[in-house]
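Here is my input; please provide its structure:
(2 chains)
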2 protein chains.
Amino acid sequence: MNYLLTLAYNGEAFHGWQRQENAVTVQQTVEEAVEKLFLEKSSVNGCSRTDTGVHANCFKCNFHTQKQIAEKNVVSGLNFFLPDTVSCLSCETVQENFHARFDCKSKEYIYRIYNAEVRNPFYEGRAFFYKYKLDEKMLNEEAKAFIGTHDFTAFRAAGATVKTTVRTIYNASVERYGDEVIFRVSGDGFLYNMVRIMAGTLIYISEGKIPKGTIPDIIESKDRLRAGMTIAPHGLYLNDVCFKDVN
Amino acid sequence: MNYLLTLAYNGEAFHGWQRQENAVTVQQTVEEAVEKLFLEKSSVNGCSRTDTGVHANCFKCNFHTQKQIAEKNVVSGLNFFLPDTVSCLSCETVQENFHARFDCKSKEYIYRIYNAEVRNPFYEGRAFFYKYKLDEKMLNEEAKAFIGTHDFTAFRAAGATVKTTVRTIYNASVERYGDEVIFRVSGDGFLYNMVRIMAGTLIYISEGKIPKGTIPDIIESKDRLRAGMTIAPHGLYLNDVCFKDVN
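Numbers count the residues shown, from 1 in each chain, chains lettered A, B, ... in the order given. Below is the predicted model:
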């Protein structure tokens, strides 16, 4: 059997997705729950890696088992074994060769900014607190410059190595919901720290540290030093994942 | 000086409002921050007590000092000394004889229910998880029976003693926002555990354990055993507080 799970998790509780020594990760936590439910060891393939502190409203992963359990019982069984900080939202059976990372077609991230004069305890660890009033309409216009197929070398963590630094961004927007400002971006893939650097660049544009209208120049320059800071992980949520063809 | 503060706090971090030995409470935490800012000890009067685990979106308290500090600096100064789990949203100067508890005219509580098939990590400790679909329109009609001036003996924790058990409820409603169902109730005062027993009664009505239309009979009976369970504290939020005349 090949099961595809949709998870939600609070990144505050984990050292990111990927299994590692001496730190609690989501992958290890899910693999342990799968082993308890199926009574067999299985490695769980995540649709991407998330960093320490990064959240997921919708994270997809798959795993193979010998044993068959009805999908709804996989959901309730895993939720029984999983800690409160991660939950399995749904489960479906997929083709034998389906792989959550390799078959991923697009992902959407949101970056939540709590934009009020005073911090609020209910946003701690869940949104980036920024006290100076953000102009969401201006930032929405600026963010549109990310859309398209570009070499995003300027927006990836220095030192990271990948085969290609070209990614296609399908949509990028900034919207306000009361005291919350949300940067939303979807694309076929993201470089290491790319969304956090994009959001940090928008903050720098707000502060006048980067001039308006220069995102195309920064992309063109391929110079990480021209983009903004890598903003804190706790505002970032993997929000949606689409596959080529699941069933 | 007599300062009136508006606070928000995450009740998960505290053993309720009231100062006690060997447990971290909001009152003690705020008094410590006041002492660090004003360099003098002061007792902080809360508008009410909240239980362990109960949250506040809006909690009011006042304290007297010899020293005068500008109101906006009280806000930023206290937030500097307060932990992330509590924040001071605003500060105003009030008349010398103002007291946050005695001058309180009305309070509004909300009880948040996360009503989805599967639990969600972002609601853990912040809303009561209830997986069976609630009929918010039916519950809204039922909740209206709480409105008015009644002896709420049936809706207070057994064994609690107060001068009078008569309270006036100004409004009571149940509304759905996506997967969240909110019971909202305002009144001139509340008996011990009263809102949690009201919310628990609505859940029992949902489950058919208490028949529809019987809230007036339960109130009339003054029998705690006829009302529903005292539902978990972590869904409860003190949401608004009004005073007779502040300035």
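
Can you give me the pLDDT of the closest residue to A:Tyr9 other than its chain neighbours?
Nearest non-adjacent residue to A:Tyr9, counting by C-beta to C-beta, 6 or more residues apart in numbering or on different chains: A:Val86, 3.9 Å away. All C-beta spots, glycine's among them, are computed from the backbone N, C-alpha and C. Per-residue confidence (pLDDT) for A:Val86: 97.

residues from chain A in reach of chain B?
A:8-10, A:55, A:57, A:75, A:79, A:84-90, A:118-122, A:124-126 (C-beta under 8 Å from any C-beta of the partner chain).

Tell me which helix or strand the closest residue to A:Arg226 other than its chain neighbours sits in.
Spatial nearest neighbour of A:Arg226, chain neighbours left out: A:Ile218 (4.7 Å); criterion: C-beta to C-beta, 6+ apart. Here A:Ile218 sits within helix A:215-221, counting by DSSP states H and E.

for that helix, which positions count as buried?
A:215, A:218-219 (16 or more other C-beta atoms under 10 Å in any protein chain shown).

quick one: which of those residues is nearest to chain B?
Nearest to chain B among the buried residues of helix A:215-221 is A:Ile215, at 30.9 Å by C-beta to the nearest C-beta.

domain parsing for chain A?
A:2-102, A:105-242 (automatic domain parsing).

ok now stretch A:41-52, how far from the chain's centre?
On the basis of C-alpha atoms, centre = their mean, to the nearest Å, stretch A:41-52 sits 12 Å off its chain's mean C-alpha point.

residues in contact with it?
A:5, A:11, A:14-18, A:26-27, A:30-31, A:34-35, A:56, A:59-65, A:99-101, A:104, A:107, A:190, A:193, A:233, A:236, A:238, A:241 (C-beta atoms under 8 Å, 6 or more residues apart in numbering or on different chains).

Tell me the buried residues in that stretch?
In stretch A:41-52, counting by 16+ other C-beta under 10 Å, buried: A:42, A:44-48, A:50-51.

For chain B, state which of those is nearest.
Nearest member of the buried residues of stretch A:41-52 to chain B, counting by C-beta to the nearest C-beta, is A:Thr50, at 13.6 Å.

Now do that closest one, the pLDDT please.
For A:Thr50, the predicted pLDDT is 87.

and after the helix holding A:Ile218, which helix or strand comes next?
Immediately after helix A:215-221, counting by DSSP H and E, sits strand A:236-243.

I'd like the mean pLDDT over that next one, please.
For strand A:236-243, mean pLDDT is 97.

Would you give the sheet partners of that strand, along with the direction of each?
strand A:55-64 (parallel), strand A:104-114 (antiparallel) (DSSP bridges).

Deepest in the core, which of the ones you listed is it.
strand A:55-64 (a mean of 22; mean count of other C-beta atoms under 10 Å in any protein chain shown).

to the chain's geometric centre, what's the distance from that strand?
On C-alpha atoms, centre = their mean, the centre of strand A:55-64 falls 11 Å from that of its chain.

Put the alpha carbons of that strand into CSV.
Output of strand A:55-64 as CSV, limited to C-alpha atoms (Å, rounded to 0.1, in the frame of the first residue of the first chain):
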residue,chain,number,x,y,z
HIS,A,55,4.6,25.6,10.5
ALA,A,56,2.3,23.6,8.2
ASN,A,57,-1.4,24.1,7.6
CYS,A,58,-1.1,21.5,4.9
PHE,A,59,1.9,19.2,4.5
LYS,A,60,1.8,16.1,2.3
CYS,A,61,3.8,12.9,2.8
ASN,A,62,3.6,9.3,1.7
PHE,A,63,4.7,5.9,3.0
HIS,A,64,4.5,2.3,1.9
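
quick one: the strands in chain A?
With strands called from DSSP state E, chain A shows them at A:2-9, A:45-46, A:55-64, A:86-93, A:104-114, A:128-129, A:148-151, A:166-177, A:180-187, A:236-243.

any idea of the angle the fifth one forms with strand A:166-177?
With axes from the mean of the first three to the mean of the last three C-alpha atoms, to 10 degrees applied, the angle from strand A:104-114 to strand A:166-177 works out at 40 degrees.

Let's see strand A:104-114 as PDB, backbone CA atoms only.
The C-alpha coordinates for strand A:104-114 follow below in PDB (Å, rounded to 0.1, in the frame of the first residue of the first chain):
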ATOM      1  CA  CYS A 104       4.900  17.700  -6.200                       C
ATOM      2  CA  LYS A 105       3.700  20.200  -8.800                       C
ATOM      3  CA  SER A 106       3.300  23.400  -6.800                       C
ATOM      4  CA  LYS A 107       3.300  24.700  -3.200                       C
ATOM      5  CA  GLU A 108       1.800  27.700  -1.500                       C
ATOM      6  CA  TYR A 109       3.300  29.300   1.500                       C
ATOM      7  CA  ILE A 110       1.900  32.100   3.600                       C
ATOM      8  CA  TYR A 111       4.000  34.400   5.800                       C
ATOM      9  CA  ARG A 112       1.900  35.900   8.700                       C
ATOM     10  CA  ILE A 113       2.800  39.300  10.100                       C
ATOM     11  CA  TYR A 114       1.000  40.500  13.300                       C
END
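
Out of the domains of chain A, the one nearest B:Ser206 is which?
B:Ser206 lies closest to domain A:2-102 among those, at 20.9 Å (C-beta to C-beta).

Tell me the span between the first and last residue of that closest one.
One end of domain A:2-102 sits 15 Å from the other (C-alpha to C-alpha, to the nearest Å).

Provide a list of residues in contact with A:Arg126.
With C-beta under 8 Å, 6+ apart, A:Arg126 has these contacts: A:12, A:55, A:112, A:234-235, B:122.

at 10 Å what do you get?
A:10-12, A:55, A:112, A:114, A:120, A:234-235, A:237, B:122 (C-beta atoms under 10 Å, 6 or more residues apart in numbering or on different chains).

try A:Gly228
A:155, A:196-207, A:209-210, A:218 are the contacts of A:Gly228 under C-beta under 10 Å, 6+ apart.

That's all I had, so thanks and see you.
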